[in-house]
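> turn this into a model:
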Amino acid sequence: MNITCIGAARTVTGSCYHIQTEDANILVDCGAFQGTKDNEKRNGEPFPFHAPKIQYLVLTHAHIDHSGLIPKLVKDGFKGKILATSATVDLCGVMLLDSAHIHERDAEWENKRRLRAGKPPVKPLYTIQEAADSLAYFQGVVYNKSIDLGNGIRVRFQDAGHILGSSIVELWVKEDEYEKKLIFSGDLGQKNLPLIKDPTPIDEGDFVFVESTYGNRKHKGITETIDEFAHAIAESLKMGGNVIIPAFAVGRTQDILYILNQLSREGKLDHLQVFVDSPMAMQATRITLKHPECLDKETRELMKTGQFPRGTLTLKFTESVEDSMAINRIKSSAIIISASGMCEAGRIRHHLKHNLWRSECSVIFVGFQAQGTLGRRIIEGVKKVKIFGEEIAVNARIYTIGGLSAHADRDELLDWLGKFKKKPRRVFVMHGEEETALRFAETIREQLKLDAYAPAMLEEIQI
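Next up, the predicted model:
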């Protein structure tokens, strides 16, 4: 068996594994590279495999760095099946179309510049129609059910506790009468987060591919994190400006609504005026309510009594461009949650343009900010940024609330790896920036006494 690490190898984005046996060709994830321009250029490069030969794509979850090249895969001739949980299928129906919209818009802007320079036009990576066409290949599955893919391969999905519908993939591969079990962690969530269930412990596997986004740090506890978040909100509102929260439309926005409701119910924050300015977040919230099987007991109870997502908040979801623009006329006391979470696209950039220069305003970051993104530059303390070609001073107060991450920290990753009853033969450390992945592999070797290694991009692994 040969496994090629096509993405997320000593980097965080572009998750994709190509698994080849004598009779089978399978992908686990088919994600887009994000962050720097050099990273994003990789999305336009040819796949290092022949798309029509791929029989199955097993998808861990809907985030674009795991799913974002699926329309390109189909465009290149893929005719197999895409297996994912039903919640992931529903979310991809929203996220891939949104991704295509961004690609079309970026190509349109680029072509205006190229036309003025006398250069030939470029095509988008894929179109909205091509993204819509790719959805026909999806097949929804349930957790904890073994599925026979033929050619000696079985797969089972377990809850990864990262976002709605996220999965750990267990893959059994039989060759020459010997069966090997591969584990792909996908993105593992923290324990005790709002809304969704905790990651499922796995107790056996021969080869483990584990994420390492936060393999070099420890998060604050969730109680301390919520208190820190409440303090940031309260202090920001006292200053008389607006509070801007860049948040991923899927997962993080729903977490923030849950926490704001909790703080309001407990009397810690009153009379909150909250705007969710992201059409995709609105759709994702509807999908969340459609899939109670993915939610924890507390959230299901709150839904029954009408306390989630609206609860006691003055909450407005804005869908139209006109409603979004109207928010920019509000100068104080508004909590504005908008996407994208790393500030690279979407309506959040308009809200930053209107509020980032105002010293009475605050920006609260609640998620990972990849290298090269606008969000990363802001949290690293730059004094000025360019938004829509205009230089904007960074005068607002900047908060970073790390404990709300949907990714497990170092100790939680070690705890998850420590649940195996029999030591895996090897652990491959993936989905982390280079220094983090290499250091976490070393930590695994030192603390768990496991053979751990961080593969390089496009490295082939013989098993």
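
> find the nearest non-adjacent residue to residue 319, please.
Distances taken as CB to CB, 6 or more residues apart in numbering place residue 279 nearest to residue 319, at 5.1 Å, with adjacent residues excluded. Using the backbone N, CA and C atoms, a C-beta is placed for each residue, glycine as well.

> let me fix that, I meant to ask about residue 11.
In space, and not counting its chain neighbours, residue 11 is closest to residue 433: 6.4 Å by CB to CB, 6+ apart.

> show me the contacts for that neighbour.
With contact taken as CB atoms under 8 Å, 6 or more residues apart in numbering, residue 433 is in contact with 10-12, 371.

> what ranges does the stretch 1-150 of the chain have for its helices?
Under the criterion DSSP state H, counting those that start in this stretch, the stretch 1-150 of the chain contains helices at 37-41, 64-67, 70-75, 86-116, 128-134.

> mind listing what's buried along the longest one?
Neighbour-count burial for helix 86-116, with 16 or more other CB atoms under 10 Å as criterion, is recorded at 86-104, 107, 111.

> count of residues packed around residue 429?
Residue 429 sits with 27 neighbouring residues when counted by other CB atoms under 10 Å.

> confirm it sits in a helix?
No: counting by DSSP: H, G, I helix; E, B strand; the rest coil, residue 429 is not part of a helix but strand.

> quick check: it touching residue 443?
No: using CB atoms under 8 Å, residue 429 is not in contact with residue 443; the gap is 9.3 Å.

> mind listing what the residue nearest the centre of the chain touches?
Central residue of the chain (CA atoms, centre = their mean): residue 63, 4.1 Å from the mean position. When the contact criterion is CB under 8 Å, 6+ apart, the partners of residue 63 are 31, 95, 163, 187, 248, 250.

> now, which of those residues lie within strands?
The strands, defined by DSSP state E, take in nothing from those.

> out of the residues you listed, who's the most crowded?
residue 250 (29 neighbours).

> how near is that one to residue 341?
Residue 250 sits 9 Å away from residue 341, going by CB to CB, to the nearest Å.

> what do you get for residue 69?
20 Å.

> these two: who's more crowded?
A direct count of neighbours by other CB under 10 Å for residue 69 and residue 341 places residue 69 higher, at 31 against 26.

> find the nearest non-adjacent residue to that one, please.
Nearest non-adjacent residue to residue 69, counting by CB to CB, 6+ apart: residue 30, 4.8 Å away.

> quick check, pLDDT for the one you found.
pLDDT recorded at residue 30 is 99.

> for residue 312, same thing?
Confidence for residue 312, expressed as pLDDT, is 67.

> elements contacting the lengthiest strand in the chain?
When the chain is parsed with DSSP E, its longest strand is strand 167-175. Under the contact definition 3 or more CB pairs under 8 Å, 6 or more residues apart in numbering; DSSP states H and E, strand 167-175 sits against strand 25-28, strand 153-159, strand 178-184.

> coming back round to it: so what sits against both of residue 250 and residue 341?
In contact with both residue 250 and residue 341: no residue, using CB under 8 Å, 6+ apart.

> okay, buried residues for stretch 331-344 please.
In stretch 331-344, counting by 16+ other CB under 10 Å, buried: 334-344.

> how about stretch 273-290?
Neighbour counts using 16+ other CB under 10 Å place 273-285, 287-288 of stretch 273-290 among the buried residues.

> and for stretch 158-174?
Buried residues in stretch 158-174, counted by 16+ other CB under 10 Å: 158-173.

> between the residues you listed, which sits nearest residue 22?
When the buried residues of stretch 158-174 are ranked by distance to residue 22 (CB to CB), residue 173 comes first, at 10.8 Å.
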